[in-house]
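*Asks:* give the three-dimensional model of this entry:
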Amino acid sequence: MIEENITRIHMDGKEFILIGTAHVSKHSAQQVKEVIEAEKPDSVCVELDEPRYQAITEGNKWSDMDIFKVIKENKATLLLMNLALSSFQKRMAAQFGINAGQEMIQGIESAKEVGASLVLADRDIQITFSRIWHNVGWWGKMQLITQIVYSIFSKETISEEELEKMKSQDMLNTVLSEFTEGFPRLKTPLIDERDQYLAQKIKEAPGEKIVAVLGAAHVPGIKEEIHREHDLNLITQRPPKSKVPKVLGWVIPILIISMIAYTFYANPSAGLQQTISWWLWHGGLSALGTAIAFGHPLTILTAFIAAPITALDPITAAGWFTGIVQAYLRRPNVRDFEKLSEDVYSVKGFWNNKVTRILLVVVLANLGSAIGTFIGGIDIVRLFIDNL
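*Replies:* I've put the predicted structure just below:
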């Protein structure tokens, strides 16, 4: 058996065999099979969490998704990001004729064949996203979304050099690699914390011989972290929500309404101008975003009417109303859900599929409204100052 990419650690009466795999390499899957069959371990740890494990073993059950529930729970952006990452993975697989994560599938199958316990050793990807999101700030969030969208929809092919780099990374690391260079704080939730989580789960796996199937980038960190104790509860906590957005959500509307009211009192015509400006910027930009998403004409009209009002209400958002209206007018059918995994492969598919179009309507309507708050707010402040 070739020992290349294999690390052996003996500790506390246990043997840990770490296989540093390439997530886009056919050779890695074969090596995983050979190692597990030869070693016959008590446990096999794979770099997967429960949702990704279910997606691999059962497929993405998009038909079970309640699109109205997604909109009402404000999860449209999160779902769109997950679908976008799936798109990137499919594009890469199409170019190289390989399936990312094949070595994890092999690890699952080989564990069953030798009767080993299967341990899902990675942290929930939603928690990782949450901790990343918390670390980057408002401007970082905008850059992060831009980076991911560009990586997904770029028509550039992946070079051999980039492929070699990707072979030592997992999918999330690959998409965010350039962004991480500009935001060093991302390394903690994306790499360091996951190394700690993986090391602790591997260490706690049942039995005396444990094989761990890991992305090669995590092996150096795990070799260090496995000798330390880590509190899994601590590194799986979702970051506390900042009170600042909630406070601003109430303060900004109160200020806007107060300035318009005062301006109306001091100069009714200027107050009317403020109101019209607020409505046109908000309604116009939110409607434009909805139109870019190819929303139904009535959905576009809903955005124009709802955005100026919801911008003054911290509880609701324009995208909530546009998404619900679009879902009612262009309700996705079974075929749309069945084709979802294929349609996310292309920009055209994202816009044509009724499910992703609803998500785009929600996100772009909210984005237009957010920009409208900034521009319309500046105009209101200007007219307010002029009439002091």
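*Asks:* quick one: the strands in the stretch 101-250 of the chain, in order.
*Replies:* Applying DSSP state E, counting those that start in this stretch to the stretch 101-250 of the chain gives strands spanning 117-120, 209-215.
*Asks:* with distance to Gly368 added, can I get the ones you listed in TSV?
*Replies:* Where C-beta positions appear, they are placed from N, C-alpha and C, glycine not excepted. Listed next are the strands of the stretch 101-250 of the chain as TSV, based on distance: least, CB to CB, whole Å:
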stretch	distance to Gly368
strand 117-120	40
strand 209-215	38
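*Asks:* select, out of these, the one closest to Ile254.
*Replies:* For the strands of the stretch 101-250 of the chain, distance to Ile254 was read as CB to CB. The smallest value, 47.3 Å, belongs to strand 117-120.
*Asks:* now do that closest one: which elements does it pack against?
*Replies:* strand 43-46, helix 102-114, helix 193-203 (3 or more CB pairs under 8 Å, 6 or more residues apart in numbering; DSSP states H and E).
*Asks:* where in the stretch 51-200 of the chain is pLDDT low?
*Replies:* Counting by pLDDT under 70, the stretch 51-200 of the chain shows low-confidence ranges at 58-66, 78, 81-82, 84-100, 137-185.
*Asks:* if we go to 90?
*Replies:* 51-105, 124-192 (pLDDT under 90).
*Asks:* what about the closest residue to Pro332 other than its chain neighbours, distance to Ser346?
*Replies:* Once flanking residues are discounted, Pro332 sits nearest to Lys354: 4.1 Å by CB to CB, 6 or more residues apart in numbering. Between Lys354 and Ser346 the computed distance is 16 Å (CB to CB, to the nearest Å).
*Asks:* of these two, who's got more company?
*Replies:* Using other CB atoms under 10 Å as the criterion, Lys354 and Ser346 rank with Lys354 on top: 19 against 16.
*Asks:* surely that one touches Arg331?
*Replies:* Yes - counting by CB atoms under 8 Å, Lys354 touches Arg331, with 7.4 Å between them.
*Asks:* circling back to that earlier point, mind checking the helices and strands packed on strand 117-120 for the one nearest to Met259?
*Replies:* Among the helices and strands packed on strand 117-120, the nearest to Met259 by CB to CB is helix 193-203 (44.3 Å).
*Asks:* what's around the spatially closest residue to Gln30 that is not a sequence neighbour, how many residues?
*Replies:* In this structure, Gln30 finds its nearest non-sequential neighbour in Gln106, 7.8 Å apart by CB to CB, 6+ apart. Gln106 has 21 neighbours, counted by other CB under 10 Å.
*Asks:* repeat that for the one 10 residues further on.
*Replies:* If you count neighbours by other CB under 10 Å, Ala116 ends up with 24.
*Asks:* what do you get for the one 5 residues further on?
*Replies:* The local packing count at Ala121 equals 28, with neighbours defined by other CB under 10 Å.
*Asks:* and Pro220, by the same measure?
*Replies:* So Pro220, with other CB under 10 Å, has 12 neighbours.
*Asks:* separation between it and Lys203?
*Replies:* 16 Å.
*Asks:* same thing with Lys14?
*Replies:* According to CB to CB, Lys14 and Lys203 sit 8 Å apart.
*Asks:* pLDDT on stretch 33-48, on average?
*Replies:* The pLDDT scores in stretch 33-48 average 95.
*Asks:* same question, stretch 267-283
*Replies:* Per-residue scores along stretch 267-283 average to 92.
*Asks:* got a list of contacts for it?
*Replies:* Stretch 267-283 is touched from outside by 256, 259-261, 263-265, 303-305, 307-308, 311, 318, 369, 372-373, 375-376, 379-380, 383-384, 386-387, with contacts defined as CB atoms under 8 Å, 6 or more residues apart in numbering.
*Asks:* ok, now with 6 Å
*Replies:* Residues outside stretch 267-283 that contact it (CB atoms under 6 Å, 6 or more residues apart in numbering): 260, 263-264, 304, 307-308, 311, 369, 372, 375-376, 379-380, 383, 387.
*Asks:* which one (most neighbours) among these?
*Replies:* The most crowded member of the contacts of stretch 267-283, judged by other CB under 10 Å, is Ala307 (33 neighbours).
*Asks:* got the phi and psi for the closest residue to Leu329 other than its chain neighbours?
*Replies:* Of all residues beyond its chain neighbours, the one nearest Leu329 is His296 (4.5 Å), with distances taken as CB to CB, 6+ apart. Torsion angles at His296 (phi, psi; degrees, to the nearest 10) stand at phi -60, psi 150.
*Asks:* so His296 touches Ala327, yeah?
*Replies:* No - the pair His296 / Ala327 is not scored as a contact, 10.1 Å apart, by CB atoms under 6 Å.
*Asks:* those two - which one has more neighbours?
*Replies:* Shown here are His296 and Ala327; by other CB under 10 Å, Ala327 has more neighbours (21 against 17).
*Asks:* so what's Lys354 up against?
*Replies:* Residues near Lys354 by CB under 6 Å, 6+ apart: Arg330, Pro332, Asp336.
*Asks:* need the three-state assignment for the closest residue to Phe384 other than its chain neighbours.
*Replies:* Spatial nearest neighbour of Phe384, excluding adjacent residues (CB to CB, 6+ apart): Met259 at 4.1 Å. Secondary structure, DSSP: H, G, I helix; E, B strand; the rest coil: Met259 is helix.
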